[in-house]
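Undergrad: What follows is a predicted structure for the sequence shown.
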Amino acid sequence: MVIVLEKNITEKQVDNIVKHLEDFGFAVHKSQGVEQTIIGAIGVKPDFDIRKVKILEGVAEVYRITEPFKLASRSFKKDDTQIKIKNVVIGGNEVVVMAGPCSVESEEQIFTIAEIVSNSGAKILRGGAFKPRTSPYSFQGMGEDGLKLLRKAADKFNLLVITEVMEISQIQLIEKYTDIFQIGARNMQNFSLLREVGKASKPVMLKRGLAATVEDWLMSAEYILSNGNMNVMLCERGIRTFETYTRNTFDLSAIPVVHKRSHLPVVADPSHATGLRDKVLPMARAAIAAGADALMVEVHHDPEHAYSDGPQALLPDQFAEMMRQVKLIADVIGRKM
């Protein structure tokens, strides 16, 4: 249920409305919009008489949210969510680029790549310290040593950090080093993990599951939002279909679909979507044209010797060219980079 408040409402009236909603058994979330403040009353109460709320002083309008995802929906928040981290805003007019290797391999490797992506205009350094791999015998990441190197490299080149958290026990450790938690596709429906990052202080980027519908994806975001963390962004990284010519099928249509149904920013990851570096640039262009708020791409200066995902990592000159081309697309649609 959404409660739209009158523009001249007093703080005392707001507190009274919140108290009544909590007494009715609802969880309450307040959203300050550009023109109006609204309150989301979350709870499954199909027989609740909304007139009990309509009569409260300071209430302008009350209506039910029909979507199963409440806090993620446009009904709850009309304005786009903008996630501000230091001098970077994700979800605003600027298209933000996250770039770096699949995994942190050594100090020399991560510092070399951090300098490359920073010089080309990326704002956020990506890299895995804990890696979920299909095979238990594959490189699993450097752990805390990798986190330290990632943070050190990002700080030197004035970048933010995004890295993956795989399990609840890692949250506290990773939170010390990262600016954004990444929830990988395999963990999109790990609801215990989602609840816990929902209690954390850092923004969360939620990747779409391997075979998840848009509604599945938004319902997973709801777990994070409902636990208090409103700084959530969604990452389209391709879904598994019968097609074998690319690693996954990049669902570009999901970008405008999510923007219509949700206020959350959308990130596009053409590297994991296609799995082939020669497909990354055209898909990056298409993602910006479709309205992505950010791009996440893999970059490696020596991909033949990368510990993971070398075939999909852009070479430095390819990344620079991608940045040049997507800036042109952004300009055409009235955005900046």
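TA: The structure has been received and is ready for your questions. Residues are numbered from 1 along each chain as shown.

Undergrad: all strands of the stretch 151-300 of the chain, in order?
TA: Using DSSP state E, counting those that start in this stretch, the strands found in the stretch 151-300 of the chain span residues 160-164, 180-183, 204-207, 232-236, 266-268, 294-298.

Undergrad: Now mean neighbour count too, for these, in TSV please.
TA: Placement of C-beta: from N, CA and C, glycine included. Listed next are these as TSV, based on neighbours: other CB atoms under 10 Å:
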stretch	mean neighbour count
strand 160-164	25
strand 180-183	24
strand 204-207	25
strand 232-236	26
strand 266-268	28
strand 294-298	28
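
Undergrad: I'd like those strands as CSV, with distance to N8 and mean pLDDT appended.
TA: Putting the strands of the stretch 151-300 of the chain into CSV (distance: least, CB to CB, whole Å; pLDDT from 0 to 100) gives the following:
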stretch, distance to N8, mean pLDDT
strand 160-164, 39, 97
strand 180-183, 38, 98
strand 204-207, 35, 98
strand 232-236, 31, 98
strand 266-268, 35, 98
strand 294-298, 37, 98
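
Undergrad: got CSV for the ones you listed, with distance to I42 too?
TA: Below are the strands of the stretch 151-300 of the chain laid out as CSV (distance: least, CB to CB, whole Å):
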stretch, distance to I42
strand 160-164, 28
strand 180-183, 21
strand 204-207, 18
strand 232-236, 15
strand 266-268, 23
strand 294-298, 28
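
Undergrad: now for those, which one comes closest to E94?
TA: strand 294-298 (9.1 Å; CB to CB).

Undergrad: Counting by contacts, list what the helix or strand just after the closest one packs against.
TA: Next helix or strand after strand 294-298 toward the C-terminus (DSSP states H and E): helix 316-332. Here helix 316-332 touches strand 96-100, helix 107-120, helix 277-290, strand 294-298, going by 3 or more CB pairs under 8 Å, 6 or more residues apart in numbering; DSSP states H and E.

Undergrad: Dump those into a markdown table; add distance to L264 as well.
TA: Shown next, in a markdown table, are the helices and strands packed on helix 316-332 (distance: least, CB to CB, whole Å):
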| stretch | distance to L264 |
| --- | --- |
| strand 96-100 | 14 |
| helix 107-120 | 25 |
| helix 277-290 | 16 |
| strand 294-298 | 12 |
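
Undergrad: Next, count neighbours for the nearest residue to R208 once chain neighbours are set aside.
TA: In this structure, R208 finds its nearest non-sequential neighbour in W217, 4.9 Å apart by CB to CB, 6 or more residues apart in numbering. Applying other CB atoms under 10 Å, we find 25 residues neighbouring W217.

Undergrad: give me every residue that touches W217.
TA: Listed by CB atoms under 8 Å, 6 or more residues apart in numbering, the contact set of W217 reads M188, L206, R208, G209, L234, V258.

Undergrad: for V18, same thing?
TA: V28, K30, I39.

Undergrad: Rank the residues you listed by pLDDT and give me only the lowest.
TA: For these, the model is least confident at K30; its pLDDT is 83.

Undergrad: Does that residue belong to a helix, a strand or coil?
TA: Of the three states, K30 takes strand under DSSP: H, G, I helix; E, B strand; the rest coil.

Undergrad: Helix, strand or coil: sort out the closest residue to it other than its chain neighbours for me.
TA: Computed as CB to CB, 6+ apart, the closest residue to K30 that is not its neighbour in sequence is I39, at 5.4 Å. I39 carries the three-state label strand when classified by three-state DSSP.

Undergrad: correct me, but I39 touches L5?
TA: Yes: applying CB atoms under 8 Å as the test, I39 and L5 come out as touching, 6.8 Å apart.

Undergrad: Of the contacts of V18, just say which sits nearest to A284.
TA: K30 (36.7 Å).

Undergrad: Make sure that closest one is actually in contact with A41.
TA: No: contact between K30 and A41 fails when scored by CB under 8 Å: they sit 10.4 Å apart.

Undergrad: Of the two, which one has the most company?
TA: The neighbour count for K30 versus A41, taken as other CB under 10 Å, is higher for A41 (26 against 13).

Undergrad: ok now do the more buried one, which residues does it touch?
TA: Neighbours of A41 in contact, by CB under 8 Å, 6+ apart: M1, V2, I3, L21, F24, F26, A27, V28, V53.

Undergrad: Repeat that for I162.
TA: M98, I124, L125, R126, T178, D179, I180, F181, Q182, M205, M296.

Undergrad: Ignoring the adjacent residues along the chain, who's closest to it?
TA: I180 (4.1 Å).

Undergrad: and that neighbour, how far is that from D293?
TA: 13 Å (CB to CB, to the nearest Å).

Undergrad: what do you get for F76?
TA: Separation of F76 from D293 (CB to CB): 19 Å.

Undergrad: Look at these two and report which has more neighbours.
TA: A direct count of neighbours by other CB under 10 Å for F76 and D293 places D293 higher, at 28 against 22.
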